[in-house]
Structures are given as C-alpha cells and as structure tokens.
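K.L.:
Everything below, folded, please.
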Amino acid sequence: MTTLRNRENMSTGRIRISELAKEDKERQFFSIAHLLTADALYEAFESLRKDASAGVDRVTYAGYQVEAWENIQKLHSRVKNGQYRAQPLRRVYIPKEDGRQRPISIPSLEDKIVQKAVVELLNAIYEQDFLKCSHGFRPRRGAQDALDEVGRIICQRPISTVLEADITGYFDAIVRSLLMELVEKRVSDGSILRLIGKWINVGVIDDGRLLVTETGTGQGQVISPLLANIYLHYVLDEWFETVVKPRLKGEAYEVRFADDFILCFQFREDAEKVMDVLTKRFAKYGLTLHPEKTRLMEFGREALTKSEEPDGQKPATFDFLGFTHICKRSRRGNFTIHVRTMRKRLKRSLKKLTAWCQEHRHDPVEEQQKALNRKLRGHYQYYGRPTNYRGLWQFFRAARRIWKKWLNRRTRGNTLNWAKFAHLLSRHPLLRPRIAHSWT
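P.N.:
Take a look at the predicted model:
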C-alpha cells in the first residue's frame with residue numbers, strides 16, 4: 001500500500017525530472033520508466049473519477065477497489081515485464097450543438113491507471129516547456145485563466161484585429177507518426193514510447209466491431225489531452241512565438257485552451273499574413289482550419305471608436321470558451337470587454353435541464369431542489385464572470401420556469417399556478433445567481 005514515504009519518493013523523482021527539464025530545454029529523457037512504480041499506479045488509481053463509465057472490460061472503479069492493491073501489483077508486474085496490453089476503446093456518441101454526434105473513446109480502467117501515471121510523469125517534463133499562452137488541461141491552469149488573459153491582452157495592449165480559429169476534428173486529425181516524432185524530442189525512453197504507441201493505435205469497439213484508424217489519439221483517453229497539448233505546442237505555440245512573431249510589424253499574442261485558440265494582432269496586415277501561413281503550417285501536420293468558423297475581425301479599442309462615428313458599424317464579436325466577447329465602454333467611458341454566455345451554450349444547458357426535470361419530476365421535491373441547486377451552482381461557477389450577471393439571471397429564470405412546468409405535470413387536475421409555485425419556492429428555494437470570478 002502507498003505510504004507517505006513512498007509518496008515523497010515519487011514526488012522527489014518527478015521534481016528531479018522537472019529540474020533537469022528546466023535546466024536543459026534540449027535534454028532527452030531516456031530512462032524514466034522506472035518511476036512507474038506500483039505506488040505510482042496506486043496513486044493514479046486513487047485520482048480517477050469513481051463514477052466514470054467502464055471500458056470494454058466493464059470493470060468499474062468500485063469493483064476494482066475491492067482488491068485494489070493486489071490488482072495494482074499485478075498490473076505493475078505486467079507493465080514492468082512488458083506483458084501489459086492495452087485494450088480496445090469503447091466508442092460512445094454524445095450530441096453536439098449542431099445536431100451531429102461527437103465520438104468519445106472510453107478506455108478500460110487499467111489503461112486509465114497506467115495512462116494517468118504516465119501523464120503525471122510526462123507533466124514533470126512538459127510543464128517546463130509549455131508556454132504561458134497554453135491553458136487547457138494543465139496543472140493549476142484553466143479556462144478562467146485563459147479568459148482573464150484574453151481580457152488583459154485586448155484591454156491593455158494595442159490590439160486591432162483578432163483571429164478566431166477552429167480546428168476541424170482536431171483530436172481525430174493528429175498524425176500519429178508526427179506526434180511520436182515530437183514526443184521523442186524530449187522523451188526517448190523506449191518503454192514510455194511503446195506505451196504511448198499502444199494507446200494511440202489500439203483501435204475502438206463501435207457497435208461490436210473493431211475499428212482501427214490511421215490518425216488521432218482517441219478523444220476520451222486520459223493521456224489524449226497531454227498528447228494534444230504536446231502536438232500544438234510544437235505545431236502552433238512554439239512556432240508562433242519563435243518564428244512568426246519576430247517577423248511581424250507589430251505586437252501579436254496567442255491564447256489557447258486545448259484546441260480552441262485566438263490570435264490577437266496590433267495590425268491587420270500582420271493578421272492576414274499569419275492567416276495565410278497558418279493554413280499551410282497546419283496542413284503540414286494534417287490539421288485543417290474550419291472555413292466557416294475561422295475568421296479575421298476588427299476588434300478592440302480602435303474598432304469601438306470607429307463604431308461610435310456617425311456612419312460607424314457595430315463592432316464584431318467573437319466566441320471563446322463558451323463566452324461571446326463584446327467591445328464596450330465602462331461607466332467612466334474607458335474601453336473594456338464584456339462577456340456573455342454564448343447563445344448555443346445557454347440553449348444546450350437549458351435543454352439538459354429540461355430533460356433532467358422531465359425525467360425526475362416524480363422525485364421528492366426536496367431531492368429535486370438539492371439536485372437543481374447543484375446544477376445551478378456549477379453553472380454559476382463557470383459562467384459567473386463580472387459582466388455576465390444578466391446571462392446568469394437569464395439562466396436562473398429559465399430554470400425556474402422549467403422546474404414549474406414539470407412539477408405541474410406530476411399530477412392531473414391539481415394545477416401548480418405561480419402563486420402556489422412561489423409558496424413552494426419559499427420552502428425549497430433555488431440558488432440565485434452570483435459572480436464567482438473577479439476580472440484580473
């Protein structure tokens with residue numbers, strides 16, 4: 001069983017790797033697999049979601065936990081002796097906002113365990129390489145940090161043009177051979193490389209059939225976000241910082257969260273040049289910019305000033321991480337950015353809430369109230385930014401109407417009018433909107 005001493009040893013090993021990676025950006029790590037100890041695997045197991053869906057083996061967290069340490073020791077032995085075999089992924093589909101289906105790959109529990117341990121190990125290296133512009137799926141970074149950075153750049157720097165970009169099917173488009181070449185820039189340990197190779201080439205079980213694709217990392221795997229970050233670190237972030245920016249006339253900035261990113265420019269001519277070379281750069285690595293969702297726009301202080309002229313047009317807006325970004329004036333007349341919940345996101349959230357209320361309308365009212373408040377709290381926690389108070393109230397009022405509608409359909413002939421519903425809310429109140437984040 002993992003002890004405090006063992007945890008300290010694991011931490012010391014990863015800290016040493018991070019120090020070496022930071023000291024020498026060209027260093028290759030050829031012997032790190034020995035840090036995948038049974039204790040490291042057990043720590044990885046403990047960190048997994050306990051309610052996650054099972055893979056093709058149908059093994060759940062609870063079932064594995066019954067004899068967790070014994071199972072982990074056997075798994076470690078297979079990994080150490082080269083007998084570990086990755087299992088095919090289980091393919092499921094979730095609906096997208098445009099009505100299409102998004103494929104998600106679910107690995108088996110033991111594959112999740114080994115992947116999580118490898119992610120912790122590789123993070124020690126790549127966290128020293130990843131740039132400040134990258135925010136997605138990284139320790140101590142998140143979407144709110146990316147949104148803060150967008151606000152700081154556009155409000156504090158001389159930005160006139162924004163490139164809103166969308167990569168078509170990014171996780172499924174990654175070229176595996178090129179990905180492995182990029183990983184090998186830092187990691188040359190054959191054991192680690194073979195593990196990664198197994199996971200990205202394992203195939204998926206879809207409707208009982210084994211499907212093997214030529215590209216992609218299998219979105220849904222524990223290691224996929226890290227591999228996706230590594231790919232775009234070299235393909236976009238490092239290239240933009242070291243190759244593109246020195247050749248531009250003015251200032252330029254990138255903000256990225258996983259495969260969602262925007263580029264901000266001082267001059268439109270710089271933005272147009274980058275738009276052209278970016279398409280070619282991505283094509284070299286098997287990536288394509290969505291032609292309808294990728295666009296250049298005037299955005300910033302200058303765009304707002306032009307719009308205020310007699311014949312001026314309303315400034316463009318752009319969507320990023322669930323928020324529509326809008327040029328505005330503060331009460332003091334200063335330029336600022338306001339964010340609003342994207343209409344598509346609001347519609348999707350309310351659709352899910354409607355389905356839940358319909359399904360659970362016969363549950364005890366107190367249980368419904370508690371569950372709805374958890375959902376409201378989660379919504380406020382993400383969308384509760386200072387300029388989005390109106391959007392929070394819009395969601396709250398809609399949620400209240402939806403709950404009333406489905407409570408009213410619980411029984412026939414006993415109408416729940418607004419007066420009765422108000423009395424019910426006095427005993428079972430819904431959580432009111434609150435701002436969860438301050439602009440920094």
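
K.L.:
As a check, name the ranges of all helices in the stretch 101-250 of the chain.
P.N.:
Along the stretch 101-250 of the chain, counting by DSSP state H, counting those that start in this stretch, helices occupy 109-126, 143-156, 170-173, 176-183, 190-200, 224-232, 238-239.

K.L.:
Give me the secondary structure label for Tyr253.
P.N.:
Under DSSP: H, G, I helix; E, B strand; the rest coil, Tyr253 falls in the strand class.

K.L.:
quick one: it from Thr288, how far?
P.N.:
Using Cβ to Cβ, to the nearest Å, we find Tyr253 at a distance of 23 Å from Thr288. The C-beta positions use only the backbone N, C-alpha and C, and glycine is treated the same way.

K.L.:
neighbour count winner among these two?
P.N.:
The neighbour count for Tyr253 versus Thr288, taken as other Cβ atoms under 10 Å, is higher for Tyr253 (22 against 15).

K.L.:
Test my guess that that one contacts Leu263.
P.N.:
Yes. Contact criterion Cβ atoms under 8 Å: Tyr253 and Leu263 qualify, at 7.2 Å.

K.L.:
Ala38: neighbouring residues, count only.
P.N.:
19.

K.L.:
Do I have it right that it meets Ile72?
P.N.:
Yes. Using Cβ under 8 Å, Ala38 is in contact with Ile72, at 5.6 Å.

K.L.:
could you dump the helices of the stretch 101-250 of the chain to TSV with mean neighbour count?
P.N.:
Formatted as TSV, these follow (neighbours: other Cβ atoms under 10 Å):
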stretch	mean neighbour count
helix 109-126	23
helix 143-156	19
helix 170-173	19
helix 176-183	17
helix 190-200	17
helix 224-232	23
helix 238-239	15
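
K.L.:
Now render those as TSV, adding distance to His423.
P.N.:
TSV is the format used below for those (distance: least, Cβ to Cβ, whole Å):
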stretch	distance to His423
helix 109-126	48
helix 143-156	38
helix 170-173	49
helix 176-183	60
helix 190-200	56
helix 224-232	47
helix 238-239	61
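
K.L.:
do you know which of those helices lies nearest Arg377?
P.N.:
Of all the helices of the stretch 101-250 of the chain, it is helix 143-156 that lies closest to Arg377, at 15.6 Å by Cβ to Cβ.

K.L.:
and the closest one, how far from the chain's centre?
P.N.:
For helix 143-156, the separation from the chain centroid amounts to 17 Å (computed by Cα atoms, centre = their mean, to the nearest Å).

K.L.:
Over to stretch 312-322?
P.N.:
Averaging C-alpha positions (Cα atoms, centre = their mean) puts stretch 312-322 22 Å from its chain's average.

K.L.:
Please point out which parts of it sit buried.
P.N.:
Using 16 or more other Cβ atoms under 10 Å as the test for burial, stretch 312-322 gives 315-322.

K.L.:
could the residues you listed be laid out in JSON lines, adding distance to Lys420?
P.N.:
Putting the buried residues of stretch 312-322 into JSON lines (distance: Cβ to Cβ, whole Å) gives the following:
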{"residue": "Pro315", "distance to Lys420": "46"}
{"residue": "Ala316", "distance to Lys420": "46"}
{"residue": "Thr317", "distance to Lys420": "41"}
{"residue": "Phe318", "distance to Lys420": "44"}
{"residue": "Asp319", "distance to Lys420": "40"}
{"residue": "Phe320", "distance to Lys420": "42"}
{"residue": "Leu321", "distance to Lys420": "40"}
{"residue": "Gly322", "distance to Lys420": "35"}
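
K.L.:
now, which of those lie within strands?
P.N.:
318-320 (DSSP state E).

K.L.:
All set now, cheers.
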